[in-house]
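In: Could you work out the structure for the sequence below:
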Amino acid sequence: MFVWWGSSKLKIAIVNPITLTTVAPDGGSSFVGLEPIGHPHDEGELNIVEMGNAIAGIGNEVTIYISDAYEPEIRSTPTRNISIEYLPTHLKRFFGPAAIPFIPGLFTHIRENDYDVVLTTEVFQWGTLISALASIGKRTHVVIWQEVDVFSASFLRRTSQIIFWCTFGRLLISLVDGFVGRTTNAMEFLKTLGVPRSKMLGVISTGVNTDVFRPVRRNGVIRNKLQIDAKKRVITSISTLDQHRGLELLISAMKEVASEIPETMLMIIGKGPLKPRLDALIDKLDLRESVKIHEEHLNHEEVCALMNTSAVVVVPTLIGFLPFVALECIACGRPVVSVFKRGLRDFVKNGTTGFLVEYNVEDISRKIKLLLRNPKLSSRMGHNALELCKRTCDMRVVANKFVDLFRGLCYSPNIK
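Out: Coordinates of the predicted model:
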């Protein structure tokens, strides 16, 4: 149940410097992280922009701040209640935009605009520290929305995270109003960092635009675009083509699936430096008729159509941030098979909305085959997934939860 606060309008800043999954090429020069490869395609399809639009749509004024390293190919049409600013990113050689973009101009924006609330993403970000410092002595409330739930596997990045927190962690805790986890795992991670219970404001999931990602009637348009035979049963994986994403393991599992259920087709959607290696593996395993890689951009409607055409969506990665694709999949009412477990435990309920599997060929292929051979089980899991999405990660639900939280902060007599 949402709290009703009347028609009071809030002025909100969302600080989300990074909007694109990045890949680390060989020979990069940045000390921590690297230059992003490419740019986001369509600003309007960015998850954080969709959330900003949802918050603005219920009567608030929203400004989103992003690193200029992530300027998109296509800008959105401006609307009255939301604006998007791309801030100059400095010292790229030392603070790579792919990891911790340094955007000092944010200080002036926060200081001069008298926001009611600044929602900033992640504790290990210059944008978070700058936002907290800029709010000193002002009525602005600062909330950190935490996605990271474990220190990075990369030695350099992990070291930088630890140094950042040891240097600025206590200051951040004292300056901000509180922390919101995107998952229960993120909240547990914050506890290990020493964030006190009094600053824990609960869990609010990443949102999904359910006006776009939804169950739709299957049609042949997406099959024609991707050249998928009408008789093929589709398995989909949407991922950056990077060595850490588990795609070689998934292709190897597909060998097992195709040998027993030859009418299946694995569609991998994404681009990245691993493409030549994946092509070589596909040839080696003689899977040219069973595995395809599509590197061209698909818009959200096309991704939705592909998910609805798919029998199952697979998330093979072990590391990284919360895979948004899994949330988009459950919004389409399809089951997920995921190697990634940490944050997805909130959404992929093992045996109920999908399967959380081990990082090996046998378990991945076994669960895929189980769903392919049991359409009633697949349908029931998809229904359960959709109901879970409606309760937890529908973008309207997420927007209302944040607005209720923000109004509670702004209008409580006990909080600055």
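In: Could you name the helices and strands sitting against the helix or strand where K369 lies?
Out: Secondary structure assigned from DSSP states H and E places K369 in helix 361-373. Applying 3 or more CB pairs under 8 Å, 6 or more residues apart in numbering; DSSP states H and E, we find helix 361-373 packed against helix 247-260, strand 310-315, strand 336-338, strand 354-356, helix 375-392. The C-beta positions use only the backbone N, C-alpha and C, and glycine is treated the same way.
In: So for it, mean pLDDT?
Out: What helix 361-373 shows for mean pLDDT is 97.
In: can you pull the alpha-carbon coordinates of that helix into PDB?
Out: Coordinates of each C-alpha in helix 361-373 appear next as PDB, following Å, rounded to 0.1, in the frame of the first residue of the first chain:
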ATOM      1  CA  VAL A 361      27.200 -27.800 -19.000                       C
ATOM      2  CA  GLU A 362      25.200 -30.600 -17.400                       C
ATOM      3  CA  ASP A 363      23.100 -28.600 -15.100                       C
ATOM      4  CA  ILE A 364      22.400 -25.800 -17.700                       C
ATOM      5  CA  SER A 365      21.400 -28.300 -20.400                       C
ATOM      6  CA  ARG A 366      19.400 -30.400 -18.000                       C
ATOM      7  CA  LYS A 367      17.200 -27.500 -16.900                       C
ATOM      8  CA  ILE A 368      16.800 -26.200 -20.500                       C
ATOM      9  CA  LYS A 369      15.700 -29.700 -21.700                       C
ATOM     10  CA  LEU A 370      13.300 -30.000 -18.700                       C
ATOM     11  CA  LEU A 371      11.500 -26.800 -19.700                       C
ATOM     12  CA  LEU A 372      11.400 -27.700 -23.400                       C
ATOM     13  CA  ARG A 373       9.900 -31.100 -22.600                       C
END
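In: next one: it to chain centre, how far?
Out: 25 Å (CA atoms, centre = their mean, to the nearest Å).
In: Repeat that for stretch 248-257.
Out: 25 Å.
In: I'd like to check what contacts it. Which residues are they?
Out: For stretch 248-257, contacts defined as CB atoms under 8 Å, 6 or more residues apart in numbering pick out 235, 237, 264, 266, 268, 274, 277-278, 281-282, 285, 287, 290-291, 314, 316, 339, 359-362, 364-365, 368-369, 372.
In: Which ChimeraX command selects the buried ones in the residues you listed?
Out: Per 16 or more other CB atoms under 10 Å, the buried members of the contacts of stretch 248-257 correspond to this ChimeraX selection:
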select :235,237,264,266,268,274,278,281,282,287,290,291,314,316,339,361,364,365,368,369,372
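In: Let me see the ranges of the helices in the stretch 201-350 of the chain.
Out: Under the criterion DSSP state H, counting those that start in this stretch, the stretch 201-350 of the chain contains helices at 221-226, 247-260, 275-284, 300-309, 324-331.
In: how near is M395 to P335?
Out: According to CB to CB, to the nearest Å, M395 stands 21 Å off from P335.
In: Please disregard the earlier target; I meant L129.
Out: L129 is 40 Å from P335, by CB to CB.
In: When those two are compared, which one has more neighbours?
Out: P335 (26 against 20; other CB atoms under 10 Å).
In: is it true that that one touches L388?
Out: No: between P335 and L388 there is no contact under CB atoms under 8 Å: 11.5 Å.
In: Next, show the common contact partners of these two.
Out: Joint contacts of P335 and L388 (CB under 8 Å, 6+ apart) are T353.
In: that older thread, how about the helices and strands packed on helix 361-373 in TSV, adding distance to E122?
Out: Output for the helices and strands packed on helix 361-373, formatted as TSV (distance: least, CB to CB, whole Å):
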stretch	distance to E122
helix 247-260	26
strand 310-315	21
strand 336-338	22
strand 354-356	24
helix 375-392	21
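In: looking at those, which is buried most?
Out: strand 336-338 (a mean of 27; mean count of other CB atoms under 10 Å).
In: Can you list the helices and strands that that strand packs against?
Out: Applying 3+ CB pairs under 8 Å, 6+ apart, one finds that strand 336-338 contacts strand 310-315, helix 324-331, strand 354-356, helix 361-373.
In: Save those as JSON lines, and put in distance to Y70 too.
Out: JSON lines is the format used below for the helices and strands packed on strand 336-338 (distance: least, CB to CB, whole Å):
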{"stretch": "strand 310-315", "distance to Y70": "23"}
{"stretch": "helix 324-331", "distance to Y70": "16"}
{"stretch": "strand 354-356", "distance to Y70": "30"}
{"stretch": "helix 361-373", "distance to Y70": "32"}
